[in-house]
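Colleague: With the sequence up front, the predicted model follows.
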Amino acid sequence: MSKRFPINRIASTFLYKGVEYPMTITFSDYVEEDITWLSIFFNARAYYKAGLRCLEPKKLGNGGIESLTLPSIVTYLFSIELFLKSLYLIEQPKLKRGHKVVDLYEKLSTDVQIDIKERFEIIYKQLHKELLFAKDVIEKSTLQDDNGDSLKQRHLDALNFVLNISFSGFLEAINDFFVTVRYDFEKSNNILYMDSLIWILATVLYEILQEKFENHIRAENPLA
């Protein structure tokens, strides 16, 4: 078992344009001398929660609403990678390296793969109805971008892709996303409507590992 020792938290403030902002630097509640599934899970969970917070709407001074969709996708994708590595380390003694989602998923035991897939498909079926409604709305619209070009077909193509995708097809589609989607300005990925599926997978993995973490705590403290 790896040894644990606490790390101090530094709390302070900084001044920017006349406004005082809180600043708290928290390295960790503890540091593991060895990499464990728990240490990776805690790291992954932080990125997952960061993705949720990116999507919290913020009111702007001009009356608009801002949410940070692309940063949320990137942090969800990173959490997915780390969640998969955490699950792998529960079953195997040595950490699996790499960013590719398919490789990490296929290294898991069959039982864990089936659990992930079944949970994903339960939530996806609920989303499927919402996507069909969105498709109906778009088909009746006259979407155009600033240059006068039609956006309708672009949205319909993306929706049809998501509506007809299999679980394995989805994993293939996001296999390199963590590396490439960060550079959205290069337009190398079509992420329209994929963000919901990415959130589903991140949430499924979070729930599986949260359950394992709670079971671990009960096993260590049976009288708690």
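Modeller: Sure, I can see it. What you see is a predicted model; the values in this text were computed from it and never measured. Residues are numbered from 1 along each chain as shown.

Colleague: And the closest residue to residue 92 other than its chain neighbours, how far from residue 208?
Modeller: Of all residues not flanking residue 92 in the chain, residue 107 sits nearest, at 7.6 Å (CB to CB, 6 or more residues apart in numbering). No exception for glycine: its C-beta is placed from N, CA and C like everyone else's. Distance, residue 107 to residue 208, using CB to CB, to the nearest Å: 16 Å.

Colleague: so the residue nearest the centre of the chain is in which element?
Modeller: Nearest to the mean C-alpha position of the chain, counting by CA atoms, centre = their mean, stands residue 76 at 1.8 Å. Residue 76 belongs to helix 69-91 when elements are defined using DSSP states H and E.

Colleague: after that helix, next one along is what?
Modeller: For helix 69-91, the following helix or strand on the C-terminal side (DSSP H and E) is helix 101-106.

Colleague: In terms of pLDDT, where does residue 180 sit?
Modeller: If you check residue 180, the pLDDT there is 67.

Colleague: Correction: the previous question concerned residue 126.
Modeller: 90.

Colleague: buried set for the lengthiest helix in the chain?
Modeller: Longest helix of the chain, by residue count under DSSP state H: helix 110-139. The neighbour-count check on helix 110-139 (16 or more other CB atoms under 10 Å) flags 112, 116-117, 119-120, 123-124, 127, 131, 134-135, 138 as buried.

Colleague: now swap in stretch 85-104 and tell me
Modeller: Result for stretch 85-104 [16+ other CB under 10 Å]: buried residues 85-90, 100-101, 104.

Colleague: Kindly report the same for stretch 54-71.
Modeller: Buried, per 16+ other CB under 10 Å, within stretch 54-71: 54, 68.

Colleague: picking up where we left off before, list just the nearest of the buried residues of helix 110-139 to residue 55.
Modeller: Taking CB to CB as the measure, residue 55 sits nearest to residue 127 out of these, at 15.4 Å.

Colleague: where does this structure dip in pLDDT?
Modeller: Applying pLDDT under 70 to the chain flags residues 1-33, 143-150, 179-191, 223-224.

Colleague: so what's residue 204 up against?
Modeller: By CB atoms under 8 Å, 6 or more residues apart in numbering, the residues touching residue 204 are 116, 119-120, 123.

Colleague: Could you export those as a markdown table, including distance to residue 199?
Modeller: Below are these laid out as a markdown table (distance: CB to CB, whole Å):
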| residue | distance to residue 199 |
| --- | --- |
| 116 | 14 |
| 119 | 13 |
| 120 | 11 |
| 123 | 9 |
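
Colleague: Just want to check the distance between the residue nearest to residue 54 when sequence neighbours are not counted and residue 48.
Modeller: Closest residue to residue 54 apart from its sequence neighbours, by CB to CB, 6+ apart: residue 72 at 3.6 Å. With the distance defined as CB to CB, residue 72 ends up 10 Å from residue 48.
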